[in-house]
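Chemist: 3D model of this:
(chains A, B, C and D)
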Protein chains: 2
Amino acid sequence: MVAAPQDWRQTATAHLARAGQRLTQTRASIVELLATSERPLTMPEIRELRPDLAQSSLYRNLVELEQAGVVHRVVTHDEFARYELGEDFSGHHHHLVCSRCGVVEDVPASPGLERSVAAAMAGAAEATGFRIDHHRLDLIGVCRRCA
Amino acid sequence: MVAAPQDWRQTATAHLARAGQRLTQTRASIVELLATSERPLTMPEIRELRPDLAQSSLYRNLVELEQAGVVHRVVTHDEFARYELGEDFSGHHHHLVCSRCGVVEDVPASPGLERSVAAAMAGAAEATGFRIDHHRLDLIGVCRRCA
DNA sequence: CTTTCTGCAAACGATTTGCAGCAGC
DNA sequence: GCTGCTGCAAATCGTTTGCAGAAAG
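Modeler: The predicted structure is shown next:
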């Protein structure tokens, strides 16, 4: 399910094409940045890594990439949104969120947990009439650095 | 675990007192509003229900109430934050989120699911050095009205 | 060429804050 | 009276948008 490291370019091109968009230089830079990072990045972090890219272009492209399913925007209580590659690239996972400094770390999903969540989704769907597409599990605490 | 319907005033007073704050009229109005509502409310919804309260007072008091643990702020991809009573009032639950209209609905947590999540939390804590305090599970889909 | 993308600067809008008057001890 | 709360209006700041020139095809 996870694309090989060097395949993000191909996969991103395909996703973008399906949305009628191209993988431009700026977009490739963004995807490469996120593909290289261990964790979701905030706009300030992205800008620090690529000061040559205009902030408005970054925001605009992140929107395009999100609509194309290449990028996923992670929203927490922190002041900045964070961006990571979509699950087509990174595989399904959950997030550890530090309530002190806001840092977000990935944590792989375990089959047992996924089975329980799937059951909960089915139950909730039946009870409420929602059509449930996916889920998001955040484990919230204090990271080692902040403890 | 869930306070009786008429007990929110007492519980809120206690929580606020612990934070060195009082349950003023405005705050009681807010808590009552949230206690009465079936789902988390946005600021526009709150203002529509209580047009007499100033928006700045609402925001300011929601911050106080959140710090006192009375109110919980629900952040989604929607443009507005949503507010609900804390779990000391409403009991532990998860959220159904409509990706179309943004509405958030409560869904009770099942023991089996909680057990799986607890195991995942323990595993992630050990693997990463996070001290994990709690979790948040959102089931994301399309509500009946939007379908 | 035509279309899409980029960068700059200006606009937007949810939330926050300064301040003067009011309410509760 | 003090101290903390309220409401109004102004400020803040992450994010979005208009526009003119630059790339891609």
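Chemist: DNA strand C contacts on chain A?
Modeler: With CB under 7 Å from any atom of the strand as the criterion, chain A meets DNA strand C at residues A:21-22, A:24-27, A:52-57, A:60-61, A:64. All C-beta spots, glycine's among them, are computed from the backbone N, C-alpha and C.
Chemist: go again using 6 Å as the cut-off
Modeler: Within reach of DNA strand C by CB under 6 Å from any atom of the strand, chain A has these residues: A:21-22, A:24-27, A:53-54, A:56-57, A:60-61.
Chemist: so which residues of chain A form helices?
Modeler: If DSSP state H is used as the criterion, the helices of chain A fall at A:8-18, A:25-36, A:43-49, A:55-67, A:87-90, A:111-128.
Chemist: for chain B, tell me whether stretch A:77-94 is touching it.
Modeler: Yes. Judged by CB under 8 Å from any CB of the partner chain, stretch A:77-94 comes into contact with chain B at A:77, A:94.
Chemist: give the closest residue to the residue of chain A positioned farthest from its centre in space, chain neighbours not counted.
Modeler: For chain A, the largest distance from the centre (CA atoms, centre = their mean) belongs to residue A:127, which lies 29.2 Å off. Spatial nearest neighbour of residue A:127, chain neighbours left out: residue B:107 (7.4 Å); criterion: CB to CB, 6 or more residues apart in numbering or on different chains.
Chemist: and the pLDDT for that neighbour?
Modeler: Among the per-residue scores, residue B:107 shows a pLDDT of 95.
Chemist: tell me the spacing between the residue nearest to residue A:109 when sequence neighbours are not counted and residue B:32.
Modeler: If you skip the residues right next to it in sequence, residue A:109 has residue A:92 as its closest partner in space, 5.1 Å away by CB to CB, 6+ apart. Here the distance between residue A:92 and residue B:32 works out to 41 Å (CB to CB, to the nearest Å).
Chemist: also residue A:54?
Modeler: If you measure residue A:54 against residue B:32 using CB to CB, the figure is 48 Å.
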